[in-house]
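[1] fold the stuff below for me.
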Amino acid sequence: MRDTRKDSDYFETLLVDFEEALNETQAALDNGNFTSPSERVDVCQRLYQLAIMRAVSHYSYGAHLGDVRRYVLEILPYRKQLTEYCDKLPAPHQFYRNAFEKLGGQGDAVGSENINRYIYTLWWLSLLQACEADQAHLDEVLAIIGEQGKDALLDNIAIALGDVNRPISPTLYYPDVYQALHDAFSAKPEQQTVLLNQFIEQWYAQLEDADWHENHECDCEFEYTDYYIGYWCFEHALVANLTGIEKTTLAPHSMLASDLIKQAQ
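    I've put the predicted structure just below:
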């Protein structure tokens, strides 16, 4: 167990619930149970996000990264499916896809603040990097995420992951939360650790709009986003790995995804 807020029985039940939700919802989609194009897009978004939540839950439960990797690699087909169903929206309704595919500057999507899509994207990239996904897989992920030249943090991350010709935005989608993490890419080595420690210290408190905020206190789950999957600052681990920060210099923190952070070579 990596998580300290819930016991093993909780995560064992949760992981079964996620498997059932993914399989049953996918079967319903394949069988044509959802009649409107926009409803099918909603369902595809739910499946994609559930796939990320499942991978995070396996990490929280304490799975070896080699086992977590399997679930991380299974996220991409769900994200491709979302794009496929967005492409099938009637021409007058194509704008509807923006709330699901654009990571900043959009309104809510099915009652969820837009920053959630941004956070889950960073988590996906962090898990892929830590689980040593093949470059070809990473290239597909970066291509389907898109957003080139739109957000400076995402652009720097994508370049470090192999999208070397990507333009870099001069601005951030969410500077109040992510400025320190972004600044770590251009800071001097001794300042990088300071910035990452500063970022993780304020990370959870500044994400009150996240669907999962305070989910550890939720006893009755009404939506799939109500489930507690663990509080891990995966984007912190991603930037630590990409900038080569020495793991031992990072301040201890309950939300530090320590097992994702590799020792600098």
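[2] and the pLDDT at G107?
    If you check G107, the pLDDT there is 63.
[3] where do the strands sit along the stretch 151-265 of the chain?
    Counting by DSSP state E, counting those that start in this stretch, the stretch 151-265 of the chain has no strands to list.
[4] okay, now the unreliable bits of it?
    Within the stretch 151-265 of the chain, the stretches with pLDDT under 70 are 219-222, 264-265.
[5] try it again at 50.
    Where the stretch 151-265 of the chain drops to pLDDT under 50, the residues are 265.
[6] show me where it has helices.
    Using DSSP state H, counting those that start in this stretch, the helices of the stretch 151-265 of the chain run over 152-160, 175-183, 189-203, 234-243.
[7] quick check: buried residues in the longest one?
    Okay, so that is helix 189-203. Residues of helix 189-203 classed as buried by neighbour count (16 or more other Cβ atoms under 10 Å): Q192, T193, V194, L195, L196, N197, Q198, F199, I200, W203. Bear in mind the C-beta positions are built from the backbone N, C-alpha and C, glycine included.
[8] isn't the fourth one right up against L181?
    Yes. Judged on Cβ atoms under 8 Å, L195 makes contact with L181 at a distance of 7.2 Å.
[9] longest helix in the chain, by residue count?
    helix 37-61 (DSSP state H).
[10] and that helix, what's its mean pLDDT?
    pLDDT averaged over helix 37-61 gives 97.
[11] which other helices and strands does it contact?
    In terms of contacts (3 or more Cβ pairs under 8 Å, 6 or more residues apart in numbering; DSSP states H and E), helix 37-61 is packed against helix 8-30, helix 65-73, helix 75-87, helix 115-130.
[12] for the closest residue in space to I119 that isn't next to it in sequence, which residues are in contact?
    Sequence neighbours aside, A210 is the residue nearest to I119 in space, at 6.1 Å (criterion: Cβ to Cβ, 6 or more residues apart in numbering). Applying Cβ atoms under 8 Å, 6 or more residues apart in numbering, we find A210 in contact with E113, I115, N116, I119.
[13] hmm, which of those are the buried ones?
    Buried, going by 16+ other Cβ under 10 Å: E113, I115, N116, I119, out of these.
[14] and of these, the nearest to N215?
    Comparing these against N215 with Cβ to Cβ picks out N116 as the nearest, at 12.5 Å.
[15] check what pLDDT the closest one gets.
    Looking at N116, the pLDDT reads 93.
[16] please name the nearest non-neighbouring residue to it.
    With Cβ to Cβ, 6+ apart, the residue lying closest to N116 is D211, at 5.3 Å.
[17] equivalent analysis for R117, please.
    Using Cβ to Cβ, 6+ apart, the closest residue to R117 is L103 (5.3 Å).
[18] what does I157 give?
    Distances taken as Cβ to Cβ, 6+ apart place L125 nearest to I157, at 6.1 Å, with adjacent residues excluded.
[19] okay, now that neighbour: neighbour count?
    By other Cβ atoms under 10 Å, 24 other residues sit near L125.
[20] Provide a list of residues in contact with it.
    V141, I157, L161, L238.
[21] looking at those, which is nearest M1?
    Once Cβ to Cβ is applied, the member of these that ends up nearest M1 is L238, at 22.8 Å.
[22] ok, back up a step: okay, the buried residues of helix 189-203 in a markdown table with distance to A257 next?
    As requested, the buried residues of helix 189-203 are arranged in a markdown table below (distance: Cβ to Cβ, whole Å):
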| residue | distance to A257 |
| --- | --- |
| Q192 | 17 |
| T193 | 16 |
| V194 | 19 |
| L195 | 17 |
| L196 | 12 |
| N197 | 14 |
| Q198 | 17 |
| F199 | 13 |
| I200 | 10 |
| W203 | 11 |
